[in-house]
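[1] no sequence for this one, just the structure:
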């Protein structure tokens, strides 16, 4: 993975590095004790004070000890109060321990904090989220599923709103027309794929006024289970697609055409494609065998023989199939031939309720929602005489790695940062 991810880890946080941060933790606790003398209203007024100091030139690092202390005070003062979370009344009883303050400092520094089970990851993020939200540029807390995004937004809003910040959430059920409003809040909890797809959708519109997410620069994100998102999902791109306008009748036509062809009895090494080979006049230089095409089961390819080319030219009534027909038509023929000769029903795919389902060659299980690309799936549908779904055209795509690089500052939490260090560096 990219080196910038390894820089987030900064290597393992050994005891020496942790010890170097402890004076800052002690400073937070000292200010926290001092703030005991302040009233609730005075603690709450600190948010406006901090924002004014930022406008006057103070950095977030300058404010960190006081801001973290204010969050700790807010948590203490809210103990015993209730909040409605996912339809249930919950009683607040959490005050950050030193290990959680330490984790919060690491997150603010744009690093990955390894938090073990029971160390309160949800509470760890509250202080750095509050501090970075003071800049007014937006903070995104990225979760691994919709439930956590909505739950944590409702639960942690108990603290944030007490301190005068606005909190929103974006899940799969959030209407597109209201997402901009959610992202405009000081803090937004959002499921990782929804965040990525909102970024892609924004790139498909022309004006800033139409964008929900990127009408302002991506500022700061805390990614929960960052190892899951940036390692496990690293090679799975987010894709927005739409059906092509091309009619589906051609798939049926060419499925019927290749049914008139028969395989060669012998074997021949099949090239990656036969178009270039013919254009280079390589066909006809060797003795063709008795059929119309060769099969290479290992590479899952099929290639026309010289006899097969001649038969197609006769069927299609053209003098030279490669010069008289466009690339799109040749591509249809290639796919129809592969669907007929190489892709085998009940091995590579099955038919279920009139739908072609791919079979995973490693597990033997079907993969609903997955489709062969470049028109091959449609060719198989034509072969099996089921409804042909239009081929998709990719409109926008991005990987999680490249998406999260758009943020000015990125950090994350995991239970496995040290064990995943090698993977983060790939």
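    On my side now, so go ahead. Predicted, not measured: the structure shown is a model, and the values here were computed from it.

[2] Go ahead and confirm residue 367 touches residue 361.
    No - Residue 367 is beyond contact range of residue 361, at 10.4 Å (criterion: CB atoms under 8 Å). For every residue, glycine as well, the C-beta is placed using N, CA and C.

[3] what about these two, which has more around it?
    Using other CB atoms under 10 Å as the criterion, residue 367 and residue 361 rank with residue 367 on top: 12 against 8.

[4] Compute the first-to-last residue distance for stretch 319-334.
    19 Å (CA to CA, to the nearest Å).

[5] what does stretch 381-394 give?
    21 Å.

[6] Show me the contact partners of that stretch.
    239-244, 246, 248, 251-252, 254-255, 336, 339-340, 345, 351, 354-356, 371, 374-375, 377-378 (CB atoms under 8 Å, 6 or more residues apart in numbering).

[7] so residue 68 makes contact with residue 29?
    No - with contact defined as CB under 8 Å, residue 68 does not count as touching residue 29 (9.2 Å).

[8] Find residues that contact each of these two.
    residue 101.

[9] The two: which is more packed in?
    A direct count of neighbours by other CB under 10 Å for residue 68 and residue 29 places residue 68 higher, at 28 against 16.

[10] Contacts only, for that one.
    Applying CB under 8 Å, 6+ apart, the residues near residue 68 are 28, 101, 104, 105, 127, 131.

[11] Swap in 6 Å and give it another go.
    Residue 68 sits next to 28, 127 when contact means CB atoms under 6 Å, 6 or more residues apart in numbering.

[12] now it: how far from residue 132?
    Distance, residue 68 to residue 132, by CB to CB, to the nearest Å: 12 Å.

[13] what's in contact with stretch 311-320?
    Counting by CB under 6 Å, 6+ apart, 292, 321, 324 sit against stretch 311-320.

[14] Show the end-to-end separation of that stretch, please.
    11 Å.

[15] Give the rounded mean pLDDT of that stretch.
    For stretch 311-320, the mean pLDDT works out to 94.

[16] Same question for it: list its buried residues.
    Buried positions in stretch 311-320, judged by neighbour count with 16 or more other CB atoms under 10 Å: 311, 312, 313.

[17] repeat for stretch 342-362
    Those would be 342, 343, 348, 349, 356, 357, 358, 359, for stretch 342-362 by 16+ other CB under 10 Å.

[18] from those residues, which two are the most distant?
    Pairwise distances across the buried residues of stretch 342-362 (CB to CB) peak at 17.5 Å, for the pair 342 and 357.

[19] looking at it, residue 263 is touching residue 294, isn't it?
    No - using CB atoms under 6 Å, residue 263 makes no contact with residue 294, being 7.4 Å away.

[20] Tell me which of the two has more neighbours.
    Using other CB under 10 Å as the criterion, residue 263 and residue 294 rank with residue 294 on top: 23 against 17.

[21] Would you check how far apart the more buried one and residue 301 are?
    From residue 294 across to residue 301, the span is 9 Å (CB to CB).

[22] For residue 222, grab the count of nearby residues.
    The burial count for residue 222: 26, using other CB under 10 Å.
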